[in-house]
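Engineer: turn this into a structure:
(one chain, ligands or ions: 1)
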Amino acid sequence: MYLVFTYFVNRLKKSINGLRFESGSLLTSSSALSKVIPVSDQNTRAMGVAMRPSEYTAALIQVLRTRGARLHGAAVLEIGSGSGVVLAALAALGAASLYGVDIEEEAIAEGSSLLQELGYADIARIERGNMWAPVAGRRFDLIAANLPHFPMHPVEFKDRLPSWSCGGSDGRHLLNPFLDGLAAHLAPGGHAVITHNAFVSLELSRSMLRQHGLSLRIAQTCLVYIPVEKLVLLTPSVLGTEEGKSIHRYGPHAFADMHIVEIGVAGTIA
Ligand SMILES: C[S@@+](CC[C@H](N)C(=O)[O-])C[C@H]1O[C@@H](n2cnc3c(N)ncnc32)[C@H](O)[C@@H]1O
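Structural biologist: Residues are numbered from 1 along each chain as shown. Down below sits the predicted model:
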């Protein structure tokens with residue numbers, strides 16, 4: 001608790017010059033925080049939280065939190081570690097070592113800074129690289145991933161690079177190499193826990209994994225909000241097939257089913 005409090009105080013101290021306050025307000029109480037105006041992308045960057053975790057990451061962490069006992073002492077890897085928050089959650093759950101891989105320079109800096117400020121630097125390593133390349137030949141007890149797998153062509157969305165969420169026209173641009181390389185990086189008895197949009201074929205993922213002796217099960221399904229600016233980028237054929245199935249629209253508002261999927265050798269996943 002103290003570590004978390006110290007972490008936020010340090011972040012606020014660092015960012016104080018980058019924020020704008022209503023005249024006369026002092027940052028002396030939590031009520032003063034509400035006087036911070038406006039919470040723009042620029043300001044969140046100044047606070048060191050440019051890589052704002054999404055609902056996908058939240059759901060992933062929720063499932064990982066139910067695996068507490070299994071994670072104690074585990075060697076864990078996250079592919080696409082972004083803000084580093086999933087690794088931080090895994091460390092808080094008792095993981096013995098943390099390894100992050102991300103393609104973006106900014107993710108390496110932000111993830112490393114988060115883990116250092118939370119006191120996990122000694123057990124953590126984050127490397128820049130493509131997918132499995134930095135961990136060739138290495139195996140892990142748990143592998144987590146919230147990969148970019150939104151079916152769309154590469155465009156920037158909400159100030160994030162295309163590599164944040166674009167999965168190519170079928171959403172599988174990164175998902176497929178992840179699934180193909182997974183078996184070679186799982187330690188005996190190891191598992192993976194990943195996000196998997198329901199509008200990206202789970203059956204195809206299942207049959208790809210079967211070829212490597214792995215099976216999957218849905219650990220949780222939740223609804224995620226798809227802002228209209230993102231919905232218009234969705235590959236039209238996917239929208240055409242999935243609307244009313246895994247994509248639910250109410251006027252201008254759209255939601256989609258999203259699974260948290262657990263993967264392991266058949267018979268070892270609960
Ligand atoms: C949806 S974000 C998830 C981030 C993280 N879970 C979080 O909440 O901060 C996907 C991440 O995958 C990374 N990424 C994209 N392509 C990658 C690749 N080929 N290899 C490794 N990481 C990649 C992106 O840079 C981004 O940080």
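
Engineer: what does the stretch 51-200 of the chain put close to the ligand?
Structural biologist: Within reach of the ligand by C-beta under 6 Å from any ligand atom, the stretch 51-200 of the chain has these residues: 51, 53, 57, 79-80, 82-83, 85-86, 101-104, 107, 130-131, 146-148, 163-165, 174. C-beta coordinates here come from the backbone N, C-alpha and C atoms, glycine included.

Engineer: for the host helix or strand of Asp180, packing partners?
Structural biologist: Element membership for Asp180 (DSSP states H and E) is helix 175-182. Packing contacts for helix 175-182, counted by 3 or more C-beta pairs under 8 Å, 6 or more residues apart in numbering; DSSP states H and E, involve strand 186-197, helix 202-210.

Engineer: how about these in CSV, adding mean pLDDT and mean neighbour count?
Structural biologist: Listed next are the helices and strands packed on helix 175-182 as CSV, based on pLDDT from 0 to 100; neighbours: other C-beta atoms under 10 Å:
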stretch, mean pLDDT, mean neighbour count
strand 186-197, 97, 21
helix 202-210, 98, 15
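
Engineer: looking at those, which is nearest to Gly264?
Structural biologist: Nearest to Gly264 among the helices and strands packed on helix 175-182 is strand 186-197 (4.3 Å), distances taken as C-beta to C-beta.

Engineer: got the angle for that closest one vs helix 202-210?
Structural biologist: With axes from the mean of the first three to the mean of the last three C-alpha atoms, to 10 degrees defining the directions, strand 186-197 sits at 170 degrees from helix 202-210.

Engineer: and strand 186-197, what does it pack onto?
Structural biologist: Going by 3+ C-beta pairs under 8 Å, 6+ apart, strand 186-197 lies up against helix 55-65, strand 140-145, helix 175-182, strand 253-265.

Engineer: just name the most buried of these.
Structural biologist: The highest mean neighbour count among the helices and strands packed on strand 186-197, using mean count of other C-beta atoms under 10 Å, belongs to strand 140-145: a mean of 24.

Engineer: quick one: residues in contact with that strand.
Structural biologist: Strand 140-145 is contacted by residues 60, 64, 67, 70-71, 74-80, 86, 90, 95, 99, 178, 182, 185-187, 189-195 when judged by C-beta atoms under 8 Å, 6 or more residues apart in numbering.

Engineer: by how many degrees do that strand and helix 175-182 diverge?
Structural biologist: 180 degrees.

Engineer: let's see strand 140-145 as PDB, backbone CA atoms only.
Structural biologist: C-alpha atoms of strand 140-145 as PDB (Å, rounded to 0.1, in the frame of the first residue of the first chain):
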ATOM      1  CA  PHE A 140       8.100 -19.100 -18.900                       C
ATOM      2  CA  ASP A 141       5.500 -20.400 -16.400                       C
ATOM      3  CA  LEU A 142       3.000 -17.700 -17.400                       C
ATOM      4  CA  ILE A 143       2.800 -15.700 -20.600                       C
ATOM      5  CA  ALA A 144       0.300 -12.800 -20.800                       C
ATOM      6  CA  ALA A 145      -0.600 -10.800 -23.800                       C
END
